[in-house]
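Asks: The following comprises the amino acid sequence and a computationally predicted model.
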Amino acid sequence: MAKICVIGSLNIDLTVSVPRFHMPGETIFSNDFKTFAGGKGGNQAVAAAKLSNEVMMVGKLGDDQYANFYIDLMDDLKINHDAVLKSKDAPSGIALIEVDETGENRIIVVSGANMLVDVAQIKNYLNRILEYDIFLFQLEIPLEPMVYLVEILKEHNKIIILDPAPARELPDELISNVTILTPNEVELGILSNMPTKTNDDVVLAAKSLIARGAKKVIAKLGSRGAMLVTENSNTMVPAYKVNAIDTTAAGDSFNAGLATALGKHFDDCKAIRFANAVAAISTTSMGAQGAMPSLKDVKEFFNKIKNGQI
């Protein structure tokens with residue numbers, strides 16, 4: 001099985017359940033508050049590790065109790081964290097998350113030490129990083145070390161998956177060097193400056209990114225599924241219907257599932273179906289990382305589909 005390296009953010013998620021999202025100036029009450037390990041990078045690393053992959057995490061934490069909490073978690077999951085450094089210059093990242101009764105979420109991120117990941121850190125661990133096969137990136141760390149590393153990874157013919165979240169303007173040199181871009185509907189709209197309400201809109205918006213050098217775009221469309229768009233084709237892969245409770249890390253779970261499947265040499269559509277299943281399962285309980293499925297869970301999910309139970 002291919003080895004997966006995740007370069008990205010590590011946050012602590014402070015999660016509160018709400019009956020609905022409140023209006024400006026309004027106070028509402030909740031009876032449920034939980035603390036989870038999170039961050040898009042950490043989420044993808046944990047999801048990949050639960051799917052029985054050999055995983056390395058590259059990132060930065062503060063020198064605080066949250067850092068120790070996260071390192072213990074990575075030890076439990078056998079995630080290599082040699083390249084996860086502690087900084088005294090900033091606290092560990094924090095995410096404030098609201099989850100409503102439908103499972104939708106709103107998130108505010110305080111980046112903290114995540115924004116201290118730099119080129120020097122990448123250079124120090126480059127030889128170790130290049131031992132891995134598939135690379136997962138997000139946009140919760142500075143762009144400079146990402147652009148630097150992605151160029152090197154492309155030269156070494158690595159598989160590079162970029163989750164452009166949270167969306168921001170990206171240089172063409174980054175877009176053209178990654179293997180697969182995986183925006184959700186909102187992120188695709190921001191990156192392309194085009195509408196994404198319909199499937200036809202999604203295809204046109206994704207094609208605009210391909211015109212800028214992207215090789216493949218997999219648009220994550222929530223309950224609609226995922227759209228694979230290349231220069232010459234587009235294919236919709238439907239989502240699986242489940243009772244969603246918390247969608248906080250569904251996109252991160254999808255990307256880990258996609259990397260896992262590609263590491264098993266699945267073709268693109270089969271890999272997306274596997275990723276859709278991982279994402280669907282991750283929404284069926286509260287919390288980001290705790291809800292992420294094992295490989296056994298995914299196999300059982302597909303068996304239920306085969307037997308008509310889903």
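Replies: Okay, I see it.

Asks: and the spatially closest residue to residue 40 that is not a sequence neighbour, what is it in contact with?
Replies: Leaving out its chain neighbours, the residue that sits closest to residue 40 by CB to CB, 6 or more residues apart in numbering is residue 138, at 4.0 Å. Where C-beta positions appear, they are placed from N, C-alpha and C, glycine not excepted. Residue 138 makes contact with 8-9, 40-41, 44, 162-165, 252, according to CB atoms under 8 Å, 6 or more residues apart in numbering.

Asks: Got the confidence number for residue 138?
Replies: The per-residue pLDDT reported for residue 138 equals 98.

Asks: Compute the first-to-last residue distance for stretch 106-114.
Replies: With CA to CA, to the nearest Å as the measure, stretch 106-114 spans 20 Å from end to end.

Asks: Buried ones in that stretch, by neighbour count?
Replies: Residues 109, 111-114 are the ones in stretch 106-114 that count as buried (16 or more other CB atoms under 10 Å).

Asks: Show me the helices in the protein, by range?
Replies: For the chain, the helices defined by DSSP state H cover 40-50, 65-76, 119-124, 126-129, 143-155, 172-177, 185-192, 199-211, 250-263, 268-282, 295-306.

Asks: most packed of these?
Replies: Highest mean neighbour count of the helices of the chain: helix 40-50, a mean of 30 (counted as mean count of other CB atoms under 10 Å).

Asks: Return the alpha-carbon coordinates of it using PDB.
Replies: The C-alpha trace of helix 40-50 is given here as PDB (Å, rounded to 0.1, in the frame of the first residue of the first chain):
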ATOM      1  CA  LYS A  40      -7.800  20.000   8.000                       C
ATOM      2  CA  GLY A  41      -4.200  18.500   7.900                       C
ATOM      3  CA  GLY A  42      -4.600  16.600  11.200                       C
ATOM      4  CA  ASN A  43      -8.100  15.400  10.100                       C
ATOM      5  CA  GLN A  44      -6.700  14.000   6.800                       C
ATOM      6  CA  ALA A  45      -3.800  12.300   8.600                       C
ATOM      7  CA  VAL A  46      -6.100  10.700  11.200                       C
ATOM      8  CA  ALA A  47      -8.600   9.600   8.500                       C
ATOM      9  CA  ALA A  48      -5.800   8.100   6.400                       C
ATOM     10  CA  ALA A  49      -4.300   6.300   9.400                       C
ATOM     11  CA  LYS A  50      -7.600   4.800  10.300                       C
END
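
Asks: where's it relative to the chain centroid, distance-wise?
Replies: Here the centre of helix 40-50 is set off from its chain's centre by 8 Å, with CA atoms, centre = their mean, to the nearest Å.

Asks: quick one: it to helix 295-306, angle?
Replies: If you take axes from the mean of the first three to the mean of the last three CA atoms, to 10 degrees, helix 40-50 sits at 80 degrees to helix 295-306.

Asks: name the helices or strands packed onto helix 40-50?
Replies: strand 4-7, strand 55-62, helix 65-76, strand 134-137, helix 250-263 (3 or more CB pairs under 8 Å, 6 or more residues apart in numbering; DSSP states H and E).

Asks: how about low-confidence regions in this structure?
Replies: 287-288 (pLDDT under 70).

Asks: Find the residue at the geometric middle of it.
Replies: residue 252 (2.7 Å; CA atoms, centre = their mean).
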